[in-house]
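[1] take a look and give me a structure for this.
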Amino acid sequence: MRVYVCFKLLGMLLMMFSLSMLTPLIVDVVYHEYVYLAFIVAFLITVITGFALWYPFRNYHYELRTRDGFFVVTFLWVVLSMFGAIPLWLNQYTHIGFTDAAFESVSGITTTGATVLTHLSDLPRSILYYRQQLHFFGGMGIIVLAVAIMPILGIGGMQLYRAEVVGPLKTSKFKPRIAQTAKSLWLIYLGLTVACMLSYWACGMSFFDALGESFATVATGGFSMHEASFAFYKSPAIEVVAIIFMILGSCNFALHFYFLSSRKLSTYWRDYELIVFLRIVLLATMVISLYMIIGYHYSIVHNPFHVLFTVVSLASTTGFTTVDFNQWPTFVPVLLMIIAMVGGCGGSTSGGIKVIRYLMVKEQGRREIKQLIHPNAILSIKDGGGSQFPDKVLQSIWGFFSVYLFLFCFLILLLLATGMNLRTAFGALVVCIANTGASIGDVAHGFSHLQSSEKWLLIFAMFLGRLEIFTILVLLSPSYWRR
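    Below you'll find the predicted structure:
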């Protein structure tokens, strides 16, 4: 591994990230809140550290190798999250230690949305804006943004793109002109965010709330400007806007790219993964609604948006809430947690395992059954659109599921060992490893009461989920460090 190349790149990206600590100063000035000192100190610490990493190696110009890409991606997310915690830690309003600040920062950048902060209405708007902004930068991927500008810096970006972009078919959608692709993805992401913000504003949100909530919606993050989340607004129109943009955030961004190129809505309807995702949402909505109406006569379903909103929020791994679904019959919140683990489409801002992986496993199971009936047949695995899955991808899917299941069970046991009850441990781990904000059990209303050891375990789970496990595990492998 070329340490000097990695340090040079980490330093440059850290200096770039430090600029994000200056934008809350605009909010601070507009609302006369005088919280600027925490952001200025955080900016100086971050930019000086970045400069110290970059300056000694500024004259090295080498292409990144695949090994370097895994190192930079993993350490960039970790380092940026730790430096991103500084403003939350230093200001005099949040009253939290570094562990809580790190948890909040990691949750923001990984677009998890789990929070340790309480009484959000009492916090300065600059702090609220800053945590929403963490979602914005984490949503499309800081790495994808970096890849877009790497030709200017004289550094290749394909290795970073492969290590960071989510989904099993991450390299099949866009192979040539990777930097141009990254720019296009960020423009689409920015366009969706602006459209979401304007839609919220038109539906009655204040401009400030609309800006902050749009950051979280398109990024499928989950942080809200208010402690009651979207229940605060009491507006079906706002809920409809949120549903639309949460679904758009859960789509493979390649579909948005192709739609803008072709101007044909059929781009979306021809995508088998998206169709299956929408079927999951509709089926879960119907099952939960009927279960609660027939079995429990719940009046909450008289508002048709509550169940649909909750299902879309969990399926997209956003985590906004309009009701406390933790109080619903046990079957419902557990089902919602399972849906959150499935997640959205590959190549989207959503978390979870991704629908495409489940489709591959289902099709492979079907092939094995057919193979038992017809032992001599040569059978291939195709998706609903007729595209054939390469065997190499199928092997990686089984490897992913095996490692995912092992780590999930292992982390559950560690959380239980700290004294957590099973429902809370399950809910907390699903939220963090699937990067969705809403949970069940004792963490349904926040994570502030957890022990420090539990929070660091969940921080690790958030990184595992955001980087899809293998990116981190590669660095933990002894063979990675051998020459």
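[2] where does pLDDT dip in the stretch 151-300 of the chain?
    Across the stretch 151-300 of the chain, the ranges flagged by pLDDT under 70 are 151-179, 297-300.
[3] again, 80 this time
    Applying pLDDT under 80 to the stretch 151-300 of the chain flags the ranges 151-183, 295-300.
[4] which residues does the most centrally placed residue in the chain contact?
    The centroid of the chain falls nearest to T111 when counting by CA atoms, centre = their mean (3.8 Å). Counting by CB atoms under 8 Å, 6 or more residues apart in numbering, T111 makes contact with H135, G138, G139, A219, T220, G221, G222, T317, T349, G351, N435, R466. In short, each C-beta sits where N, CA and C put it, glycine included.
[5] how about 7 Å then?
    Neighbour list for T111: H135, G138, G139, A219, T220, G221, T349, G351, N435 [criterion: CB atoms under 7 Å, 6 or more residues apart in numbering].
[6] assign it to helix, strand or coil.
    Look at T111: counting by DSSP: H, G, I helix; E, B strand; the rest coil, its state is coil.
[7] apart from its neighbours in sequence, what residue is nearest it?
    Leaving aside its chain neighbours, T111 sits nearest to G221 (4.2 Å; criterion: CB to CB, 6 or more residues apart in numbering).
[8] please point out which parts of the host helix or strand of L255 sit buried.
    According to DSSP states H and E, L255 maps onto helix 253-262. Residues of helix 253-262 classed as buried under the neighbour-count rule (16 or more other CB atoms under 10 Å) are F253, A254, L255, H256, F257, Y258, F259.
[9] any chance of those residues in CSV, with distance to T49 too?
    Shown next, in CSV, are the buried residues of helix 253-262 (distance: CB to CB, whole Å):
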residue, distance to T49
F253, 32
A254, 36
L255, 39
H256, 36
F257, 35
Y258, 40
F259, 41
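[10] which of these sits closest to N376?
    Proximity of the buried residues of helix 253-262 to N376 (CB to CB) peaks at A254, which lies at 37.6 Å.
[11] how near is that closest one to G50?
    Distance, A254 to G50, using CB to CB, to the nearest Å: 32 Å.
[12] cool, and Y4?
    According to CB to CB, Y4 stands 15 Å off from G50.
[13] before we move on, what about V73?
    Going from V73 to G50 by CB to CB gives 17 Å.
[14] neighbour-wise, which of the two wins?
    Neighbour count, other CB atoms under 10 Å: between V73 and G50, V73 has more, with 26 against 21.
[15] gap between that one and I356?
    For V73 relative to I356 (CB to CB), the value is 21 Å.
[16] what does R58 give?
    41 Å.
[17] now the helices for the stretch 351-483 of the chain?
    355-373, 391-417, 422-433, 452-466, 470-476, 478-481 (DSSP state H, counting those that start in this stretch).
[18] nearest residue to W89 in space, ignoring adjacent ones along the chain?
    Once flanking residues are discounted, W89 sits nearest to A101: 3.7 Å by CB to CB, 6+ apart.
[19] kind regards, and thank you for your time.
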